[in-house]
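**Q** Test case, fold it:
(2 chains)
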Amino acid sequence: MSQWLAHVIERAANVDDWLSPVRANALAQLKQKEWPGRRTEAWRYTSLHKVADLNLQAGSQASAEAPQVNGLNSIDLVFVDGRLTTDIAQLQLPAGISITALDAKSEAADALFAKVKPAHHLFGLINDVLAQQGIVIDVAEGSQVEQPIRIVNVATDGVESHQRTLVRVGKGARATIIEHGAGNEQSLNTVFAEYDIADNAKLEHYRLALQEDQAIHVGGSHFRLHNESKLNSTLVGYGSQLTRLDVDIEHAGEHAFAKFNNIYLLAPHEHFDLHSTIEHAQPNGTTEENARGIIGDKAKAVFNGRIHIHRDAQKTLAELNNRNLLLSRGAQINTKPELEIYADDVQCAHGATVAEIDEEALYYMLTRGIDKQQALVMLNFGFVQELLFQMPNKALADWLQPILRQRFERMMEQK
Amino acid sequence: MLTIKDLHARVEETTILKGLNLEVKPGEVHAIMGPNGAGKSTLGYVLSGREGYEVESGSAELDGKDLFDMEVEERAQAGVFLAFQYPVEIPGVSNMEFMKESVNAMREARGEDALSSAEFLKKAKEACKHVELPLDFLKRGVNEGFSGGEKKRNEIMQMIMLEPKLAILDESDSGLDVDALQVVAKGVNSQRDGNRSFIVVTHYQRLLDYIEPDYVHILSQGKIVKSGGPELAKEVEASGYAWLKEGESA
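**A** Down below sits the predicted model:
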C-alpha cells in the first residue's frame, strides 16, 4: 500500500455527499486492492513510484485558460483541476443534447457510475471515490448532432484532481465527443469517461492526452457498443512524466463496428502507457485498431493491446497493429498485442513492429530535390500523420497537425 | 545539356549498362526504346543516383557538371527529373506538402525565394489542370490509392511544377489507356519550350505518336545499337525487337 493510496481511502471515507452510496461499492473494492508493483501484469512496465508518495493539494479554485482549437466550433465544457468552470445553463446546445453536471442530484447523474468501465482499473476506482465533479451528456434517440462537444481538462501546478464523464448516445443518434487534456506542471489528474452507444448509434470520439512535461495523467475511455452501432475513435497522446490510459471497447451487441487509431509522440524522458482491451462478446462485430508511436531519446512507451473474442462471437473481424519508430538507442517500447480467441469462425490479425525507413520512399523524395534530413523528417512524421489524415474531423486534424509536427521536430533535434 | 560517355553500370554483381553513349542538346526529345531487360530503367536510375546502381566507368555530365559527383537531391536540384515507372506511395505525406517542399528545395537551389502558400497553390492548381487531376489529389497521401493512370499523371504534374532542365520519363505510358496516354502526352508537350530536354523511355512506339521525338535510339544489352529519327520507332512497331542479335533476354 502506498501512502498516497492510504490517503485516498481516508479522504474518500470522509466524503459525504449524495453520491456517497454509489461510491461505497467502489470504496469497498478499492480497499481490497494492492498497490501495483513490478509483478502486477497491468503495471509491469510502468512504475508508480512517482505517485506512491505524492502529496499534492486536493483540488483548487485556480482559473486557467482552456486550449482553443481554431476552426473547430465546438461546445466546450472546461474543467480546471477537476472543477467545472463552464456555466452549463449559458450554453447554446443543439437540439437533442442535454448536459447535466454532477453537482446536482438527478436521474442522469445517478447513472454516472454506469459501469461501462470495468472494475479492475485501480485508478478507475480511485476516480469513482474521489471525482467530485463530472458531466453526463445525453444524445436523444435519433438526434444527428454535427457540432462537436469538447470536454477540456486542465491541470495546474501542485494540484491533484479527478474528473468524470458519462456519455449516452441514444438509438440511431450521432455525436462527436472530444476529450482534451492539458497541463505541464507537477500535477496528478485522473480522467475517466464512459460511453454507452445504443443500437444503430454513431459516436465519433477523440481523446487528446496532451499533458506533458511534469504532469501525471491517468485515465480511461470505456465504450459499450450495442447492435449495429459504430465507433470511430482516435487517441493522441504525449508522454508527460507519466501518462497511463486504459481503453476498453465492449461489443455488447451484434454487427457493431469499432475503429480505434492511436498516435503517441514521446519527447525525451517522457513515459506513455496505453492498455487497450477489446471485448467481442457478440457475433458479427468488427474492430480495426491501429497504434503508431514515435519515441524520443530516453522516453518509454508501453503498448498492450488485447482482443478477446468470446465463444459466441462468431464471424468477428478483428485487426490490431502496433508500429513504433524509435528515434534513438535510448528510446524504449514494450509492446504486446494479444489475441485471445474462443470462437472458431473469426478473422483476426495482429502484429507489432519497430518501423524502419522506407528506402524506396526516401529515394523518391530525394529525386524531387528534397534534402535527406528533411525527407527523413517528413517520412518519420508521415508515419503518424497517416493516422491524422484518417480523422473524420478535419478541423481538429488541421489544428493538431502543426502542433504534432513541431513537437516531432523538437524530438528530432533532441535525439 | 546531357552528355553520357561510355557508361558502364551494374546492379549488385550484374553489369546492365555496357558502354552507353548519348548526347542530348537543349530542347531535344530523345526516345529510348528496347526490349525488356535492355537496361532502359537502369539508365534513369543511374542518372538519378539510386542506391545500389553502381557506376563502373564512364561519365555523365549535365551542362558540363559531373552528375555522378552529386547526391540524389543535388542532381534533382541541378535540373534532372525522373518520372518513375512505378511511382512510390507515401501514405503519411500529403501530395501538397511533398510538392511544396520539393518546389521550394528547387527554388532554394536556384537562389530564389520560397513560394508563399498562395503562390504555391496557384501553381499547383495550374499543374493539376494540365494533367486533369482533381485538386483534392493534393490533399491525399503521395500516390496513395491512386490508380496506375493517376500515378503517371501525378508524375507529369510534378514535372510541370519542378520545371527541370532534363526530364527522363521512364515508361510513362505503361499501363495507360489511350485517353490517359493522351493526357500524359499533352502534359509533356506543354513543357516543350525549346530549352527543356526529354528522354522518353518506352517499350512501345505508341507513346511516340503523341510525343514526337527528335531522335530514337534502340537500347539492347546495355548499349545503344541503333539511332535514327522518328521513323525508327515505326520500324520497331512493325517488326518488334526480334531483329536484335541473338542472346537478347526476354
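
**Q** quick one: low-confidence ranges for the chain?
**A** Since you didn't name a chain, this refers to chain A. Judged against pLDDT under 70, the low-scoring parts of chain A cover residues A:1, A:104-105, A:107-114, A:415.

**Q** look at chain B instead
**A** B:245-250.

**Q** could you redo the last one with a cut-off of 80?
**A** B:242-250 (pLDDT under 80).

**Q** Ignoring the adjacent residues along the chain, who's closest to the residue of it found nearest chain A?
**A** Here chain B gets closest to chain A at one residue, residue B:92, 2.8 Å apart by Cβ to the nearest Cβ. Just so you know, the C-beta spots here come from the backbone N, C-alpha and C atoms, and that holds for glycine as well. Nearest non-adjacent residue to residue B:92, counting by Cβ to Cβ, 6 or more residues apart in numbering or on different chains: residue A:382, 2.8 Å away.

**Q** tell me the SS of the one you found?
**A** helix (DSSP: H, G, I helix; E, B strand; the rest coil).

**Q** for it, what are its contacts?
**A** B:90, B:91, B:92, B:93, B:141 (Cβ atoms under 8 Å, 6 or more residues apart in numbering or on different chains).

**Q** separation between the first one and residue A:408?
**A** Which is residue B:90. Look at residue B:90 and residue A:408: by Cβ to Cβ, to the nearest Å, they are 16 Å apart.

**Q** how about the strands in chain B?
**A** Counting by DSSP state E, the segments of chain B that form strands are B:2-11, B:14-24, B:29-33, B:53-62, B:65-66, B:80-83, B:90-94, B:141-142, B:166-170, B:197-202, B:215-220, B:223-228.

**Q** What parts of chain B come near chain A?
**A** By the rule Cβ under 8 Å from any Cβ of the partner chain, the part of chain B lying against chain A is B:48-51, B:71-73, B:75-77, B:81-82, B:84, B:87-94, B:97-98, B:101-102, B:105-106, B:109, B:141-142, B:158, B:162.

**Q** near chain B, which residues of chain A?
**A** A:358-361, A:363-372, A:374-375, A:378-379, A:381-386, A:389.

**Q** Just the ones of the residues you listed in helices?
**A** With DSSP state H as the criterion, helices contain A:359-361, A:363-366, A:372, A:374-375, A:378-379, A:381-386, A:389 from among the residues of chain A next to chain B.

**Q** Buried subset of these, written for ChimeraX?
**A** Remark: buried members of these, expressed as a ChimeraX selection using 16 or more other Cβ atoms under 10 Å in any protein chain shown:
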select /A:361,363,364,365,366,375,378,379,381,382,383,384,385,386,389
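
**Q** that older thread, residue B:90 and residue A:408: which has the busier surroundings?
**A** residue B:90 (24 against 21; other Cβ atoms under 10 Å in any protein chain shown).

**Q** Spit out the contact partners of the residue nearest to that one when sequence neighbours are not counted.
**A** Nearest non-adjacent residue to residue B:90, counting by Cβ to Cβ, 6+ apart: residue B:142, 4.0 Å away. Residues near residue B:142 by Cβ under 8 Å, 6+ apart: A:364, B:88, B:89, B:90, B:91, B:93, B:94, B:95, B:98.

**Q** so residue A:391 sits in a strand?
**A** No - assessed with three-state DSSP, residue A:391 is coil; it does not lie in a strand.

**Q** Quick one: the helices in chain B, in order.
**A** Using DSSP H, helices in chain B cover B:40-48, B:72-78, B:95-109, B:117-130, B:148-162, B:178-189, B:230-239.

**Q** want to throw these into CSV with mean neighbour count?
**A** As requested, the helices of chain B are arranged in CSV below (neighbours: other Cβ atoms under 10 Å in any protein chain shown):
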stretch, mean neighbour count
helix B:40-48, 24
helix B:72-78, 23
helix B:95-109, 20
helix B:117-130, 15
helix B:148-162, 23
helix B:178-189, 18
helix B:230-239, 15
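
**Q** Of all these, which one is nearest residue A:68?
**A** When the helices of chain B are compared by Cβ to Cβ, helix B:117-130 sits nearest residue A:68, at 22.0 Å.

**Q** helices and strands around that closest one, which ones?
**A** On a contact count with 3 or more Cβ pairs under 8 Å, 6 or more residues apart in numbering or on different chains; DSSP states H and E, helix B:117-130 meets helix B:95-109, helix B:148-162.

**Q** Would you format these as JSON lines with distance to residue B:202 included?
**A** Converted to JSON lines, those look like this (distance: least, Cβ to Cβ, whole Å):
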{"stretch": "helix B:95-109", "distance to residue B:202": "25"}
{"stretch": "helix B:148-162", "distance to residue B:202": "12"}
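
**Q** where's residue A:76 relative to residue A:162, distance?
**A** From residue A:76 across to residue A:162, the span is 20 Å (Cβ to Cβ).

**Q** The two - which one has more neighbours?
**A** residue A:162 (28 against 18).

**Q** next SSE after the one helix or strand the more buried one maps to?
**A** Element membership for residue A:162 (DSSP states H and E) is strand A:159-169. Helices and strands here follow DSSP H and E; after strand A:159-169, the next one along the chain is strand A:174-182.

**Q** downstream neighbour of that following strand in the secondary structure list?
**A** strand A:187-197.

**Q** Check which helices and strands that next one is in contact with.
**A** Against strand A:187-197 (3+ Cβ pairs under 8 Å, 6+ apart) you get helix A:122-130, strand A:149-154, strand A:159-169, strand A:174-182, strand A:202-209, strand A:215-225, strand A:230-237.

**Q** ok, 6 Å please
**A** helix A:122-130, strand A:159-169, strand A:215-225 (3 or more Cβ pairs under 6 Å, 6 or more residues apart in numbering or on different chains; DSSP states H and E).

**Q** backbone phi and psi for residue A:332, please?
**A** Main-chain dihedrals, residue A:332, degrees, to the nearest 10: phi -130, psi 140.

**Q** Show me what it bridges to in the sheet.
**A** Counting by DSSP bridges, residue A:332 is bridged to residue A:300.

**Q** Touching, it and residue A:300? I think so.
**A** Yes - counting by Cβ atoms under 6 Å, residue A:300 is a contact partner of residue A:332 at 4.4 Å.

**Q** Can you pick out the residue with more neighbours from the two?
**A** Under the criterion of other Cβ under 10 Å, the comparison of residue A:332 against residue A:300 puts residue A:300 first, with 21 against 17.

**Q** I'd like to know how far the more buried one sits from chain B.
**A** 24 Å (Cβ to the nearest Cβ, to the nearest Å).

**Q** same deal with residue A:154?
**A** 30 Å.

**Q** Please apply the same query to residue A:33.
**A** 41 Å.

**Q** dump the residue contacts of that residue.
**A** residue A:122 (Cβ atoms under 6 Å, 6 or more residues apart in numbering or on different chains).

**Q** Need the phi and psi values for it.
**A** According to degrees, to the nearest 10, residue A:33 has phi -80, psi 140.
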